[in-house]
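Trainee: just need the structure, nothing else, for what follows:
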Amino acid sequence: MQYCAYYQAQINKKETWYFTATLKSFEHVAFDRTLNKEMGLFEFFVPEDQENIFIELIEYFVKQNIVHNVRKLSNRLQNSKSL
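Mentor: Okay, the predicted model is just below:
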């Protein structure tokens, strides 16, 4: 089984709608979920062949001061013992 790249980032609360709508307009680039609503912490599952596009989008939003603390981590689902 192949797993997606896994990222976490904080999104400014006031800009969450704009960020998620833009991300969804690029089909199949990433699946996003909110991990912590109060902190604006999101997780992203990114297919390997879409990672360059995802990084370009994230870099744009970082420059716009909408996205912060972007981290690429090991995929938490891959490390889960329940799978």
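Trainee: now the strands for this structure?
Mentor: 5-11, 31-36, 41-46, 67-73 (DSSP state E).
Trainee: report the buried residues of the second one.
Mentor: So the one you mean is strand 31-36. D32 (16 or more other CB atoms under 10 Å). (C-beta placed from N, C-alpha, C; glycine too.)
Trainee: heads up, I number from 7, so please use that
Mentor: Sounds good: first residue 7 from here, last item strand 37-42.
Trainee: show me what it is packed up against.
Mentor: If contacts are counted by 3 or more CB pairs under 8 Å, 6 or more residues apart in numbering; DSSP states H and E, strand 37-42 sits against strand 47-52.
Trainee: including distance to Y66, could the strands of the chain go into TSV?
Mentor: Supplementary listing: the strands of the chain in TSV, determined by distance: least, CB to CB, whole Å:
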stretch	distance to Y66
strand 11-17	13
strand 37-42	16
strand 47-52	15
strand 73-79	9
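Trainee: among those, which comes closest to F67?
Mentor: Closest approach to F67 among the strands of the chain (CB to CB): strand 73-79, 3.9 Å.
Trainee: measure stretch 75-83 end to end?
Mentor: 21 Å (CA to CA, to the nearest Å).
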